[in-house]
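**Student:** dropping a prediction and its sequence here:
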Amino acid sequence: MSIIFYPANERGHVQFDWLDTYHSFSFGQYHDPTKIHFGALRVLNDDKIDAGMGFGTHPHDNMEIITIPLFGDLHHKDSTGRDCIIKEHDVQIMSAGSGIQHSEVNPNKDKRVELFQIWIFPKERNIAPRYDQKSFLPEDRVDQLLTVVSPNEPDTLFINQDAWLSLGHFKKPFSTNYAMHQAGQGLFAICIEGTCTVGGQILGRRDAVGISGVEAVQIEAAAGSDLLLIEIPHFTSKA
């Protein structure tokens, strides 16, 4: 078993006039050769975007991009014609595929938006760009792990990769043995709030851990905690 601890206070941090962002992996102005990716997980950005501000139109290709608002709303427009608002408790996924352009802007004039943006290397390259979005009831992840993204499960958002994303909000102490869906997978877990223990590693707020080389991972969460799990194919290098 391999365990890599990612302390919250060691993430890359970049602050602009309108954007306060933390990077778990090398991104933009932040580069750490020891933190390029964890298996197929390439990016996990923890963004705070001021009211009325955001990212103008920009391109992507061959990446699965997942956006999870933690607070507030995000206005998304893209070259497929999609024009929509992503709200708290929504999850959005975009397969950039052969190429897509999009913008992401906080539509509110009186509050910022806080979100995770996650990039995962695709299973199949150069597919036609696609977009999907789904609202999940917050009560459906209380004291349990709710799968929100998968390649094959009903009532989840489809991803072009052997990847499963799960969210949990725990009002009481929680414990489970998380089983990998198939051989060769790794698990990246980030404690959004509270205190969690994953594979024996204690995590505080925004701490994360990457675990590989196991068939299952023991997970515990204290009351008042929130947890995001990202199970992805694991490999040691990516060109």
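**Tutor:** Done, it's in.
**Student:** shaky segments in the protein?
**Tutor:** Applying pLDDT under 70 to the chain picks out residues 237-239.
**Student:** tell me which residue lies nearest the centroid of it.
**Tutor:** Ile118 (3.9 Å; C-alpha atoms, centre = their mean).
**Student:** does that one touch Ala40 like I think?
**Tutor:** No: using C-beta atoms under 8 Å, Ile118 is not in contact with Ala40, being 10.8 Å away. All C-beta spots, glycine's among them, are computed from the backbone N, C-alpha and C.
**Student:** for beta bridges, what are the partners of the residue nearest to the centre of the chain?
**Tutor:** Leu44, Ile66 (DSSP bridges).
**Student:** next up, the contacts around it.
**Tutor:** 41, 43-45, 65-68, 165, 230 (C-beta atoms under 8 Å, 6 or more residues apart in numbering).
**Student:** export these to JSON lines and tack on neighbour count and distance to Leu145?
**Tutor:** Listed next are the contacts of Ile118 as JSON lines, based on neighbours: other C-beta atoms under 10 Å; distance: C-beta to C-beta, whole Å:
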{"residue": "Leu41", "neighbour count": "24", "distance to Leu145": "18"}
{"residue": "Val43", "neighbour count": "19", "distance to Leu145": "22"}
{"residue": "Leu44", "neighbour count": "25", "distance to Leu145": "18"}
{"residue": "Asn45", "neighbour count": "22", "distance to Leu145": "22"}
{"residue": "Ile65", "neighbour count": "20", "distance to Leu145": "22"}
{"residue": "Ile66", "neighbour count": "22", "distance to Leu145": "16"}
{"residue": "Thr67", "neighbour count": "20", "distance to Leu145": "20"}
{"residue": "Ile68", "neighbour count": "23", "distance to Leu145": "15"}
{"residue": "Leu165", "neighbour count": "24", "distance to Leu145": "10"}
{"residue": "Ile230", "neighbour count": "25", "distance to Leu145": "12"}
